[in-house]
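Enquirer: please find the sequence and the predicted model below.
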Amino acid sequence: MGTTVGMGVVGTGAIGIRGALMHLTQPDVTDRVRVTAVCDPVPGRAEAAALRYDVPAWYLSFDELLADPNVDAVTLCSPIGLHYEQGFRGIDAGKHIHFNKTMTTTVAEADHLIAAAAAKGVHIVASPGQMLYPHNRRIRQAVREGRIGRLVWAISGTAGVGNYHMNEEFRTGEDILTDVDPSWYFRKPGGGPQYDVTVYCLHTLTGILGPAKRVTAMSGLVIPERNYHGRPIACNMDDNTVLLLDFGDALHAIVYAAASGGITQGFQPNIYGTAGAIVGTKLGDADLKLPGDYPPHVSGPHTELREYHVFEDLMQLVDWIRDGTPSIATAEHARHVIDIIEAGYRAAATGETQELRTSFLEVGTGD
């Protein structure tokens, strides 16, 4: 086994605190990973987070964090539109990288990061690792065993995400850690519900059904302006998108990123076959999600903390660094989901169905 991994947390907003700092400072993981530095460009925020979570170093700039010799790996908890640039700079500095969703906003960017990491000899893990959940692996097994017959269609999606972000506990306070401006969620290049949340649905759907082949879509903006603490936010990223995916063999799926509404359960798809259906996590009356089902590293205090899926993906990277065990939360799977989102916007703009050019192979599963 390797030594303790020094983790740098980039961005001390909602995900940086809930997904990284709260989990990685629990005593049950400090033999494997320690947060050695945090950074945030908002004056006072990184310092406040470091003080609260007993982190030895804090910085205003990403470059300062990358120069810290005690940082072996970084988790990018920054706005999605920054992930490509920061990821490349981190890889170039020889750091292992955990990308919070979404890894990049374009396939070209993802290609560049994957190639750069391979050339530099560093590891990258990309959230969300939806197939690390035992119930999703059971669903995939049930589907592949033909327990619902020949697959016909599926539906998955999210709704009302913008309202959720406006009312998070990190937006409604008055101190430096609870008054975090949410404007980026509603603006290009990394905003909008697809890159932010529907990415979970797409990782789950493609993890169960396999890579998609083609996509068409319609997309638009429903809410052009929001208000945060009396300040207007001009929104320019679509907040209402519906994708139609073609998986081949006459199997189709609808994936929605809607401004409101919603008909599916969380990030779980409904999958329909000629002999039955899996609705959410249920196959008929049998629930494929069992009591105590958690991803591999989530136990003890982590089961009580939010965003434990982020912690799990982080620990996938830690294991890879320490003992050479690669994760199924691969950059290639993330790139395929990015391909779907990017091509979906292109299909909506042109009115033409788009061929997807990427695929993925899960590490260590043989499929």
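Expert: In hand now; what should we look at?
Enquirer: tell me the pLDDT at residue 172?
Expert: At residue 172, the predicted lDDT confidence score is 80.
Enquirer: helices of the stretch 101-250 of the chain, start to end?
Expert: 107-120, 134-144, 161-166, 193, 199-209 (DSSP state H, counting those that start in this stretch).
Enquirer: OK, contacts around the residue sitting nearest the centre point of the chain?
Expert: Closest to where the C-alpha atoms of the chain average out (CA atoms, centre = their mean) is residue 101, at 2.7 Å. Residue 101 makes contact with 80, 126-128, 195-196, 199-200, 334 under the criterion CB atoms under 8 Å, 6 or more residues apart in numbering. (Glycine included, C-beta is placed from N, CA and C.)
Enquirer: before we move on, what about residue 319?
Expert: Listed by CB under 8 Å, 6+ apart, the contact set of residue 319 reads 325, 327.
Enquirer: name the element it belongs to?
Expert: helix 308-323 (DSSP states H and E).
Enquirer: out of the contacts of residue 101, which comes closest to residue 15?
Expert: Proximity of the contacts of residue 101 to residue 15 (CB to CB) peaks at residue 127, which lies at 9.4 Å.
Enquirer: quick one, the helix holding residue 319 and helix 199-209 angle?
Expert: 60 degrees (axes from the mean of the first three to the mean of the last three CA atoms, to 10 degrees).
Enquirer: any buried residues in helix 308-323, and which?
Expert: Under the neighbour-count criterion of 16 or more other CB atoms under 10 Å, helix 308-323 has 308-321 buried.
Enquirer: where does the chain dip in pLDDT?
Expert: 1, 362-367 (pLDDT under 70).
Enquirer: if you set the cut-off to 90 instead, what comes out?
Expert: For the chain, residues meeting the criterion pLDDT under 90 lie at 1-2, 161-175, 178-180, 229-230, 361-367.
Enquirer: does anything pack onto the following helix or strand past the helix holding residue 319? Which helices or strands?
Expert: Note on helix 308-323: by DSSP H and E, the next helix or strand toward the C-terminus is helix 331-350. Under the contact criterion of 3 or more CB pairs under 8 Å, 6 or more residues apart in numbering; DSSP states H and E, helix 331-350 touches helix 107-120, strand 124-126, helix 199-209, strand 214-220, strand 240-248, strand 354-355.
Enquirer: give me the contact list for the second one.
Expert: What it means is strand 124-126. Contacting residues not belonging to strand 124-126 are listed as 87, 91, 96-99, 101, 103, 113-114, 117, 313-314, 316-317, 320, 327, 329-331, 333-334 [CB under 8 Å, 6+ apart].
Enquirer: one more: the fourth one?
Expert: The list of residues contacting strand 214-220 from outside it, by CB under 8 Å, 6+ apart, reads 238, 240-246, 340, 343-345, 347-349, 352-356.
Enquirer: if you set the cut-off to 6 Å instead, what comes out?
Expert: Contacts of strand 214-220 with the rest of the structure, by CB atoms under 6 Å, 6 or more residues apart in numbering, involve 238, 240-246, 340, 343-344, 347-348, 353-355.
Enquirer: what of the fifth one?
Expert: Contacting residues not belonging to strand 240-248 are listed as 194, 209, 212-220, 222, 252-253, 255-259, 344 [CB under 6 Å, 6+ apart].
Enquirer: buried ones among those?
Expert: 194, 209, 212, 214-217, 219, 252-253, 255-259, 344.
Enquirer: circling back to that earlier point, using CSV, lay out the helices and strands packed on helix 331-350 together with distance to residue 145.
Expert: Below are the helices and strands packed on helix 331-350 laid out as CSV (distance: least, CB to CB, whole Å):
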stretch, distance to residue 145
helix 107-120, 32
strand 124-126, 28
helix 199-209, 12
strand 214-220, 26
strand 240-248, 18
strand 354-355, 30
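Enquirer: which of these is buried the deepest?
Expert: Comparing those by mean neighbour count (mean count of other CB atoms under 10 Å), strand 124-126 ranks first with a mean of 30.
Enquirer: and residue 219, bridged to which residues?
Expert: Beta bridges link residue 219 to residue 241, judged by DSSP bridges.
Enquirer: dump the residue contacts of residue 265.
Expert: residue 280.
Enquirer: tell me the buried residues in the host helix or strand of residue 85?
Expert: Per DSSP H and E: residue 85 is located in helix 83-92. By neighbour count on 16+ other CB under 10 Å, the buried set for helix 83-92 is 83-84, 86-88, 90-91.
Enquirer: ok, now stretch 335-355?
Expert: Buried residues in stretch 335-355, counted by 16+ other CB under 10 Å: 335-345, 347-348, 354.
Enquirer: next one: stretch 287-303
Expert: Neighbour-count burial for stretch 287-303 [16+ other CB under 10 Å]: 288, 295, 297-298, 302.
Enquirer: now render those as TSV, adding distance to residue 165 and secondary structure.
Expert: Formatted as TSV, the buried residues of stretch 287-303 follow (distance: CB to CB, whole Å; DSSP: H, G, I helix; E, B strand; the rest coil):
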residue	distance to residue 165	secondary structure
288	30	coil
295	24	coil
297	27	coil
298	24	coil
302	23	helix
